[in-house]
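A.B. asks: Sequence isn't available, so here's the structure alone:
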């Protein structure tokens, strides 16, 4: 990863490893770096939004849930995450 910082392959492998190891804190960090590398990946944004909600970062969760809705407005997961994030922020 350090040798090739602009190659998303390493980030994708790291996110798989952190997901299997249930290391949520590291997974959030890797997903935040990985999301900008693929503008159309709905799953990463939904997962990141859910993880941020679990950590109590409703503002961050709102950001990624909105991005997910820009990709697929019919995504029930993205809508659910957005509603939860907005409720936690009392919006």
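C.D. replies: That came through fine. Everything numeric here is computed off the predicted structure, so don't read it as measured data. Numbers count the residues shown, from 1 in each chain.
A.B. asks: list the buried ones in the worst-scoring helix or strand of the chain on mean pLDDT?
C.D. replies: Ranking every helix and strand in the chain by mean pLDDT, DSSP states H and E puts helix 8-20 at the bottom, with a mean of 91. Buried residues in helix 8-20, defined by neighbour count with 16 or more other CB atoms under 10 Å: 10-11, 14-15, 18-19. C-beta coordinates here come from the backbone N, C-alpha and C atoms, glycine included.
A.B. asks: What does residue 38 show for phi and psi?
C.D. replies: Residue 38 adopts backbone torsions of phi -140, psi 100, taken as degrees, to the nearest 10.
A.B. asks: how deep is the closest residue to residue 48 other than its chain neighbours tucked in, by neighbour count?
C.D. replies: Spatial nearest neighbour of residue 48, chain neighbours left out: residue 31 (4.3 Å); criterion: CB to CB, 6 or more residues apart in numbering. Burial of residue 31 is recorded as 23 neighbouring residues (other CB atoms under 10 Å).
A.B. asks: Show me the helices in this structure, by range?
C.D. replies: Listed in chain order, the helices of the chain (DSSP state H) span 8-20, 24-34, 42-55, 58-71, 76-88.
A.B. asks: Mind giving me the packing neighbours of the fourth one?
C.D. replies: If I follow you right, that is helix 58-71. Applying 3 or more CB pairs under 8 Å, 6 or more residues apart in numbering; DSSP states H and E, one finds that helix 58-71 contacts helix 42-55, helix 76-88.
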